[in-house]
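>>> I would like the atomic coordinates for the input below:
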Amino acid sequence: MRLYVDAAARAVALEEDVADVLGSSYREVSVQVPLRRDDGSLLVAHGYRVQHNGARGPYKGGLRYHPEADLDEVRALASLMTWKTALLDLPFGGAKGGLQVDPRQLSEGELQTLTRKFALSLSHVLGVYRDIPAPDVNTNAQVMAWFMDAYSGRHGYSPAAVTGKPVDLGGAPGREAATGRGLVYVLEAAARRWSWDLAGRRVVIQGFGNVGSWAARELVTLGARIIAVSDVGGGIFNDNGLDVERVVEAVAAGGSVADADVGYTKVSNEELLTLDCDILVPAALGGCITAGNAADIRASVVVEGANHPVTPAADDVLADRGIRVLPDILANGGGVTGSYFEWTQNIQQFQWKEDRFNAELRDRLDRAVNEVAAYAEEHACTYRLAAYSIALERVARAVRLRGYV
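Prediction:
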């Protein structure tokens with residue numbers, strides 16, 4: 001992350017002292033969250049909320065529950081949110097939260113209790129106009145409902161205090177699909193710039209959670225052929241195309257992609273990344289494309305559905321090989337854009353129809369793609385450097401205007 005920011009700072013000739021300010025976090029909160037489990041044992045989880053920069057608006061970023069969600073990871077992801085919201089021209093800063101726990105090992109009651117305690121331990125630095133959490137890895141609409149309820153118990157009913165909530169509690173129709181659907185909107189806009197037709201393109205998707213599954217469904221409607229998908233248990237491959245709806249049904253029923261009633265060849269997650277295809281969508285956890293396998297990638301385009309799926313060293317290899325990369329701060333920006341729509345609707349207490357949500361989402365993402373592409377073409381650089389350069393200039397301008405530096 002810091003490598004990309006430093007490269008963008010040099011590209012836009014940002015003063016070194018200002019770059020140092022933007023390269024560090026404004027506030028980092030570390031909390032201890034004890035939980036008396038159903039069996040009487042005591043679990044002590046460690047949680048974090050990092051607020052990286054709030055010059056352009058309230059801090060915004062997800063909450064992830066994962067044993068490896070340590071402070072270094074949360075700090076890097078908070079910085080990513082600053083640049084993502086700036087690139088998309090949303091009135092937010094960047095933040096991220098993490099709780100070091102494996103939710104799969106908890107009962108529903110334990111998960112709810114832990115979430116409520118986590119919410120109360122952070123409530124003094126959160127708020128509708130201060131910091132608005134959202135779902136992330138291993139958290140969902142139900143977790144956000146518990147989190148919002150705990151916060152509201154202390155501050156009064158506050159649906160705008162979190163996003164990604166159930167629709168019945170102020171969630172926005174369209175928000176659930178926004179990250180995956182938005183990824184396809186970004187790809188469509190880029191394809192138009194490249195005079196590419198997506199119909200018939202062979203697509204490989206690593207990760208079949210919220211982002212990967214919605215991206216697959218949207219791509220199928222455009223005539224693309226999903227030839228391989230995977231989850232934590234491995235992948236399935238069929239060069240003639242998979243029946244995406246059957247795979248979605250199998251996962252929704254609690255199974256894995258391999259449980260789908262479709263014809264396929266089993267592949268590992270590592271093998272899946274190097275399959276011959278037109279479009280590769282890494283939509284699982286970060287760091288899957290490295291210097292060790294970048295030379296074996298056979299896609300023409302990599303669309304980053306996850307955060308940080310391509311390491312900096314791999315990014316250089318892909319660029320040298322002429323493989324286009326749509327970077328995470330652009331490609332998966334549909335999620336935070338959808339969160340912005342939900343937040344504004346909560347503040348106004350006026351719910352949009354899903355058609356309006358999707359139209360606004362497409363408009364915002366089309367504009368961002370065109371800005372990044374124009375910058376990349378003018379400066380003969382990658383889309384990643386273009387995206388970070390645009391974002392960095394916007395945040396630097398905001399901190400100067402507010403007199404922070």
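>>> show me where the chain has strands.
27-36, 42-53, 59-65, 94-99, 131-135, 202-206, 225-231, 234-237, 265-267, 279-282, 301-303, 324-326 (DSSP state E).
>>> got those as JSON lines, with mean neighbour count, mean pLDDT and distance to residue 349 columns?
For glycine as for every other residue, the C-beta is placed from the backbone atoms N, C-alpha and C. Compiled in JSON lines, the strands of the chain are given as follows (neighbours: other CB atoms under 10 Å; pLDDT from 0 to 100; distance: least, CB to CB, whole Å):
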{"stretch": "strand 27-36", "mean neighbour count": "14", "mean pLDDT": "98", "distance to residue 349": "30"}
{"stretch": "strand 42-53", "mean neighbour count": "21", "mean pLDDT": "98", "distance to residue 349": "27"}
{"stretch": "strand 59-65", "mean neighbour count": "27", "mean pLDDT": "97", "distance to residue 349": "20"}
{"stretch": "strand 94-99", "mean neighbour count": "29", "mean pLDDT": "98", "distance to residue 349": "25"}
{"stretch": "strand 131-135", "mean neighbour count": "26", "mean pLDDT": "97", "distance to residue 349": "16"}
{"stretch": "strand 202-206", "mean neighbour count": "26", "mean pLDDT": "98", "distance to residue 349": "37"}
{"stretch": "strand 225-231", "mean neighbour count": "25", "mean pLDDT": "97", "distance to residue 349": "38"}
{"stretch": "strand 234-237", "mean neighbour count": "22", "mean pLDDT": "97", "distance to residue 349": "44"}
{"stretch": "strand 265-267", "mean neighbour count": "13", "mean pLDDT": "97", "distance to residue 349": "49"}
{"stretch": "strand 279-282", "mean neighbour count": "28", "mean pLDDT": "98", "distance to residue 349": "36"}
{"stretch": "strand 301-303", "mean neighbour count": "24", "mean pLDDT": "98", "distance to residue 349": "36"}
{"stretch": "strand 324-326", "mean neighbour count": "22", "mean pLDDT": "98", "distance to residue 349": "36"}
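>>> which stretch among these comes nearest residue 177?
Among the strands of the chain, the nearest to residue 177 by CB to CB is strand 131-135 (13.0 Å).
>>> what is the lengthiest helix in the chain packed up against?
Longest helix in the chain by number of residues (criterion: DSSP state H): helix 354-379. Under the contact definition 3 or more CB pairs under 8 Å, 6 or more residues apart in numbering; DSSP states H and E, helix 354-379 sits against helix 178-194, helix 328-331, helix 334-348, helix 383-401.
>>> got the angle between it and helix 383-401?
100 degrees (axes from the mean of the first three to the mean of the last three CA atoms, to 10 degrees).
>>> tell me the angle helix 354-379 makes with helix 334-348.
Using the same axes, to 10 degrees: helix 354-379 against helix 334-348 is 130 degrees.
>>> buried stuff in helix 354-379?
357-358, 360-362, 364-366, 368-369, 371-373, 375-376 (16 or more other CB atoms under 10 Å).
>>> who are the contact partners of residue 303?
Each residue near residue 303 by CB atoms under 8 Å, 6 or more residues apart in numbering is listed here: 183, 186, 187, 279, 280, 281, 326, 331.
>>> and the residue nearest to residue 376 when sequence neighbours are not counted, what's its pLDDT?
Nearest non-adjacent residue to residue 376, counting by CB to CB, 6 or more residues apart in numbering: residue 386, 4.0 Å away. Reported pLDDT at residue 386 in the predicted model: 98.
>>> quick one: the longest helix of the chain to helix 178-194, angle?
40 degrees.
>>> thought residue 212 was touching residue 285?
No - shown here, residue 212 and residue 285 do not form a contact pair, counting by CB atoms under 8 Å, at 11.9 Å.
>>> more neighbours, the two?
A count of neighbours by other CB atoms under 10 Å puts residue 212 above the other of residue 212 and residue 285, at 27 against 16.
>>> nearest spatial neighbour of that one, skipping sequence neighbours?
residue 283 (3.9 Å).
>>> that neighbour: neighbour count?
Neighbour tally, residue 283, other CB under 10 Å: 30.
>>> nearest to residue 339, of the contacts of residue 303?
Nearest to residue 339 among the contacts of residue 303 is residue 183, at 15.2 Å by CB to CB.
>>> confidence score at the closest one?
Residue 183 is given a pLDDT of 98.
>>> for residue 285, same thing?
81.
>>> pretty sure it contacts residue 138?
No - the pair residue 285 / residue 138 is not scored as a contact, 10.8 Å apart, by CB under 8 Å.
>>> quick check: phi and psi on the residue nearest to residue 212?
phi -130, psi 30 (degrees, to the nearest 10).
>>> quick one: the helices in the stretch 151-300 of the chain?
Using DSSP state H, counting those that start in this stretch, the helices found in the stretch 151-300 of the chain span residues 178-194, 210-221, 244-252, 269-273.
>>> for residue 6, which of those is the nearest?
helix 178-194 (24.9 Å).
>>> and that closest one, how far out from the chain middle?
15 Å (CA atoms, centre = their mean, to the nearest Å).
>>> check contacts around the residue most central in space within the chain.
The structure's the chain has its C-alpha centroid closest to residue 332; by CA atoms, centre = their mean the separation is 5.1 Å. Going by CB under 8 Å, 6+ apart, residue 332 touches 179, 182, 183, 211, 304, 305, 306, 307.
>>> residue 220 contacts residue 229, correct?
No - look at residue 220 against residue 229 with CB under 8 Å: they stay out of range, at 11.5 Å.
>>> circling back: where's the residue nearest to the centre of the chain relative to residue 212, distance?
11 Å (CB to CB, to the nearest Å).
>>> shared neighbours of these two, anything?
Contacts common to residue 332 and residue 212, judged by CB under 8 Å, 6+ apart, are residue 305.
>>> does residue 60 touch residue 134 like I think?
Yes - counting by CB under 8 Å, residue 60 does reach residue 134; the two are 7.3 Å apart.
>>> for the two, list the residues in contact with both.
Contacts common to residue 60 and residue 134, judged by CB under 8 Å, 6+ apart, are 336, 339.
>>> what sits closest to residue 197 if chain neighbours are left out?
residue 191 (7.3 Å).
>>> circling back to that earlier point, among the strands of the chain, which is nearest residue 111?
strand 59-65 (8.3 Å).
>>> and the closest residue to residue 142 other than its chain neighbours, what does it touch?
Of all residues not flanking residue 142 in the chain, residue 166 sits nearest, at 7.1 Å (CB to CB, 6+ apart). Residue 166 makes contact with 141, 142, 144, 145 under the criterion CB under 8 Å, 6+ apart.
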